[in-house]
Each structure stands twice: as C-alpha cells, then as structure tokens.
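*Asks:* What shape does this take:
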Amino acid sequence: MKTYRDLQVWQKAITLVTEIYKISKGFPIGKKLCAFAPLNLSSYNNS
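*Replies:* From the prediction side, this is the model:
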C-alpha cells in the first residue's frame, strides 16, 4: 500500500459519495440542506 487511496475502504467511500451526489443533484435546495446538515454537524463535532 502506497497511499490511503489504495485502500478498498477509501475507494468504496468515494464511489458511495459520488452516487449520493448524483442522486441528490435533482433535490430542491431545502431538501439538500435537511439531508446533509446532520453529516456536516457530525464532521465538525468529530474534529
């Protein structure tokens, strides 16, 4: 393994995130904010 990008978990996470963005692209802005707000808060709380 050379970098974290070589890890299967990293590659699967990127695939998942890409799919989520594709699906949510058509959402109205209010729905996007409601859906992703908990994720944003958790990322700040864990840092």
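
*Asks:* mind listing the strands for the protein?
*Replies:* Under the criterion DSSP state E, the chain carries no strands.

*Asks:* which residues of it fall in helices?
*Replies:* For the chain, applying DSSP state H gives helices covering 8-24, 29-45.

*Asks:* worst average pLDDT in those?
*Replies:* Of all the helices of the chain, the minimum mean pLDDT falls on helix 29-45 (a mean of 59).

*Asks:* Look up the pLDDT of the spatially closest residue to Q11 that is not a sequence neighbour for me, please.
*Replies:* Leaving aside its sequence neighbours, Q11 sits nearest to R5 (Cβ to Cβ, 6 or more residues apart in numbering; 7.5 Å). Every residue, glycine included, has its C-beta placed from N, CA and C. You'll see R5 listed with a pLDDT of 91.

*Asks:* what's the answer for K2, then?
*Replies:* K2 carries a pLDDT value of 89.

*Asks:* burial measure for it, as a count.
*Replies:* Residues contacting K2 under the criterion other Cβ atoms under 10 Å number 5.

*Asks:* Could you count how many residues lie near A13?
*Replies:* Neighbour count for A13, taken as other Cβ under 10 Å: 11.

*Asks:* so how far is P28 from it?
*Replies:* Going from A13 to P28 by Cβ to Cβ, to the nearest Å gives 26 Å.

*Asks:* do Y4 as well
*Replies:* Using Cβ to Cβ, one gets 35 Å for the distance from Y4 to P28.

*Asks:* Distance check, I14 against Y4.
*Replies:* 11 Å.

*Asks:* more crowded one of these two?
*Replies:* More crowded of I14 and Y4, by other Cβ under 10 Å: I14, with 11 against 8.
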